[in-house]
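Peer 1: heads up, no residue letters with this:
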């Protein structure tokens, strides 16, 4: 960076990294919850009591359910009117194929859902191939310096370095700084800054080739995780379940209460314990008492109210689903509900509302990706996709994976056949058929006669 000495640059980099610490901690916390680690792991162990740790990974359930709804089907790119945009899409298909874009974009969508945002580098390799590279959002700091925007990436690596006549493993901080014209790369080793050989390098994108994908736009800096609002509820559920398991286990071996029975008279503590164990195994109590008062022996039972606990836990589960906009598709017995198509759509209405907000934020990142690709292709002389604005005419469509009731669809389709053509019925009412034309040909082959599509003809334009 111009205007800074090596020492000043090192201090500046360290200040930027430290300023990002709270954001890194928060995003890492969400990742640990997704991986099934949470506050119940910190539960203290009392040697005199059970210490059950039960964890129900609601974070993973919420993330996977919402992610599947939005990213199970690949994103579509098309353009109807602009020939240049169509040509750009032809190149885009090749780039997407080479980068396994369907998997790559879905992975970015999941990372953004967990941490709140994801970051992608658009790069051109030495052979001129355009690369899409996902990186953890925790590695990035975006800042302004001298009225110019920059993106700084930092991450830790280990390396064996010469030390006298031997080698020593050292922790090295790798630093990359992106501007609108070049890339700088440094290594920080034992508080010393070293620039990597061959850097800085120009990148030719004319803007920072780094794309940020926000999960949901907020007034805060960065996006918002899908589980931000339910972390405390997840902790509450897991702690309550663990406490209940402790209580049940603790009271499954109740104390024996002896009233006016001199069991221990003349016996040592060990002999008394052995005698009690013998009687418990035999399911028989044998006592003698010299007392004139009434004697009794009974186990101290836990007066439990399991239904109250279940009601509390069920309320927590419901709050988790409501606040995360996640449909509850399971019965109390843990089975998938066999709802009608309309009921399924109602259950997914919250997910749909949430996904619409996510799409708007995510498309912003995809638009920048297309812009960077258009610049790269134009620099390679393959078309004026950037200067003409052709990339702007590319339509981006998310294909949501709405669960359907196939029986309802078939019933509706059969009723519609008397009113609509076979083609329209297949296209509009049977969601599992991807290609109506191929399906019509299969039906025709099975029946042996051409299908009457119910479409108007030249002789009878009204179709009558």
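Peer 2: Alright, I've got the coordinates. In this text the structure is predicted, and so the values were computed from the model without any measurement.
Peer 1: Give me the pLDDT for residue 395.
Peer 2: Listed pLDDT for residue 395 reads 92.
Peer 1: Got the phi and psi for the closest residue to it other than its chain neighbours?
Peer 2: Spatial nearest neighbour of residue 395, excluding adjacent residues (Cβ to Cβ, 6 or more residues apart in numbering): residue 78 at 5.3 Å. (C-beta placed from N, C-alpha, C; glycine too.) Main-chain torsions, residue 78, degrees, to the nearest 10: phi -150, psi 160.
Peer 1: just residue 20 next, same as before
Peer 2: For residue 20, the backbone dihedrals are phi -100, psi 0 (criterion: degrees, to the nearest 10).
Peer 1: again, but for residue 129
Peer 2: Backbone geometry at residue 129, expressed as degrees, to the nearest 10, gives phi -80, psi 140.
Peer 1: if I pick it, what's in contact with it?
Peer 2: Neighbouring residues of residue 129 by Cβ atoms under 8 Å, 6 or more residues apart in numbering: residue 98.
Peer 1: Relative to residue 198, how far out is it?
Peer 2: Using Cβ to Cβ, to the nearest Å, residue 129 is found at 19 Å from residue 198.
Peer 1: Residue 51 belongs to a strand?
Peer 2: No - Residue 51 is assigned coil when assessed by DSSP: H, G, I helix; E, B strand; the rest coil, not a strand.
Peer 1: That one reaches residue 249, doesn't it?
Peer 2: No - at 9.5 Å, residue 51 does not count as touching residue 249 under the criterion of Cβ atoms under 8 Å.
Peer 1: If you count neighbours, what's buried in the helix or strand residue 270 falls within?
Peer 2: Using DSSP states H and E, residue 270 sits in helix 269-282. Judged by neighbour count using 16 or more other Cβ atoms under 10 Å, the buried positions of helix 269-282 are residue 279.
Peer 1: Can you verify residue 377 is assigned to a helix?
Peer 2: Yes - counting by three-state DSSP, residue 377 is located in a helix.
Peer 1: Now do the contacts for it.
Peer 2: Residue 377 makes contacts with 88, 91, 130, 383, 385, 386, as judged by Cβ under 8 Å, 6+ apart.
Peer 1: which residues of the protein fall in strands?
Peer 2: 76-78, 117-124, 130-135, 140-145, 148-163, 166-178, 182-189, 192-195, 201-202, 210-214, 256-259, 296-299, 395-397 (DSSP state E).
Peer 1: Now tabulate these in JSON lines and tack on mean neighbour count and distance to residue 229.
Peer 2: Shown next, in JSON lines, are the strands of the chain (neighbours: other Cβ atoms under 10 Å; distance: least, Cβ to Cβ, whole Å):
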{"stretch": "strand 76-78", "mean neighbour count": "13", "distance to residue 229": "31"}
{"stretch": "strand 117-124", "mean neighbour count": "22", "distance to residue 229": "17"}
{"stretch": "strand 130-135", "mean neighbour count": "16", "distance to residue 229": "26"}
{"stretch": "strand 140-145", "mean neighbour count": "16", "distance to residue 229": "24"}
{"stretch": "strand 148-163", "mean neighbour count": "14", "distance to residue 229": "29"}
{"stretch": "strand 166-178", "mean neighbour count": "15", "distance to residue 229": "33"}
{"stretch": "strand 182-189", "mean neighbour count": "17", "distance to residue 229": "37"}
{"stretch": "strand 192-195", "mean neighbour count": "14", "distance to residue 229": "41"}
{"stretch": "strand 201-202", "mean neighbour count": "10", "distance to residue 229": "43"}
{"stretch": "strand 210-214", "mean neighbour count": "22", "distance to residue 229": "16"}
{"stretch": "strand 256-259", "mean neighbour count": "14", "distance to residue 229": "48"}
{"stretch": "strand 296-299", "mean neighbour count": "13", "distance to residue 229": "45"}
{"stretch": "strand 395-397", "mean neighbour count": "13", "distance to residue 229": "28"}
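Peer 1: May I see those strands organised as TSV, with distance to residue 27 added?
Peer 2: Below are those laid out as TSV (distance: least, Cβ to Cβ, whole Å):
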stretch	distance to residue 27
strand 76-78	29
strand 117-124	8
strand 130-135	13
strand 140-145	11
strand 148-163	14
strand 166-178	19
strand 182-189	22
strand 192-195	26
strand 201-202	29
strand 210-214	13
strand 256-259	53
strand 296-299	51
strand 395-397	26
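Peer 1: Contacts for stretch 117-126 next, please.
Peer 2: Residues from elsewhere that reach stretch 117-126 (Cβ under 8 Å, 6+ apart): 108-109, 111-112, 130-137, 139-140, 203-205, 209-215, 222-223, 365, 369, 372-373, 376.
Peer 1: change it to 6 Å
Peer 2: Under the contact criterion Cβ atoms under 6 Å, 6 or more residues apart in numbering, stretch 117-126 has outside partners 108, 111-112, 130-135, 137, 140, 209-214, 222-223, 372, 376.
Peer 1: do the same with stretch 86-99
Peer 2: With contact meaning Cβ under 6 Å, 6+ apart, stretch 86-99 is reached by 77, 79, 130, 132, 377, 383, 385, 390, 391.
Peer 1: run the last query once more with 10 Å
Peer 2: Judged by Cβ atoms under 10 Å, 6 or more residues apart in numbering, the contacts made with stretch 86-99 from elsewhere in the structure are 74-75, 77-80, 82, 85, 101-102, 104-105, 122, 129-133, 369-370, 373-374, 376-378, 380, 382-386, 388, 390-391, 393-395.
Peer 1: List buried residues within the residues you listed.
Peer 2: 75, 77, 79, 82, 85, 101, 105, 122, 130, 132, 369-370, 373-374, 376-378, 383, 385-386, 388, 390-391, 393-394.
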